[in-house]
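Trainee: No letters, just coordinates:
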């Protein structure tokens, strides 16, 4: 899969970058009978402070001065266009939706779909990568006292806590819970604008 500049590297180190570089973000929750979703978006700005072309290593510095080093893999395009001082603009979106499937009937399985779109050769490095993971599990136990739902998935059994008692009332043993996790990462590298020179300083 062809992945644009920094996308693969940033995705793999996002856990480190988000706390250090996050500037703006928001989260939202939605709920309807038998369905609950939560999502958040995070915007990250960082500056390239060092580039090692031999190892394809890139050092990013956030607004608070924190630095993270990442490596652009061999499939990354337009790597040679990057320069120290370029600004990396990253937008990250993730959502998780839990949906009740009354009566079951779906295969208990995990499926994953991924895709990417990158800059064309010669263009400024930019791109988007996304991934969606869907897991279906059987409801095997309910605990009304603790509002806990035990779900047996394709690889393990987990306990889910129902925060809304009305949602809990809709669930019965033998139903299924379908969890869909989606994440998308957009990356753009823009040159840093040079400050305008004060006419008074010109000789």
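Mentor: Ah, there it is. It should be emphasised that the depicted structure is a prediction, and the values quoted were computed from it without experimental measurement.
Trainee: make it CA atoms for all contacts and neighbour counts henceforth
Mentor: Noted.
Trainee: Secondary structure element for the closest residue to residue 68 other than its chain neighbours, which one?
Mentor: Spatially, and ignoring its direct neighbours in sequence, residue 68 is nearest to residue 60 (5.3 Å; Cα to Cα, 6 or more residues apart in numbering). Taking DSSP states H and E as the definition, one finds residue 60 inside strand 57-61.
Trainee: Any buried residues in that strand, and which?
Mentor: By neighbour count on 16 or more other Cα atoms under 10 Å, the buried set for strand 57-61 is 58, 59, 60, 61.
Trainee: Pull up the gap between the last one and residue 85, please.
Mentor: Spelled out, that is residue 61. Between residue 61 and residue 85 the computed distance is 10 Å (Cα to Cα, to the nearest Å).
Trainee: what touches both of these two?
Mentor: Both residue 61 and residue 85 are contacted by 47, 48, 49, under the criterion Cα atoms under 8 Å, 6 or more residues apart in numbering.
Trainee: between these, which has the most around it?
Mentor: Within the shared contacts of residue 61 and residue 85, residue 47 tops the neighbour count with 23 neighbours, counted by other Cα atoms under 10 Å.
Trainee: With distance to residue 141 and pLDDT added, can I get the buried residues of strand 57-61 in a markdown table?
Mentor: Putting the buried residues of strand 57-61 into a markdown table (distance: Cα to Cα, whole Å; pLDDT from 0 to 100) gives the following:
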| residue | distance to residue 141 | pLDDT |
| --- | --- | --- |
| 58 | 49 | 79 |
| 59 | 49 | 83 |
| 60 | 47 | 78 |
| 61 | 48 | 81 |
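Trainee: Now do the helices in this protein.
Mentor: 7-12, 14-21, 165-169 (DSSP state H).
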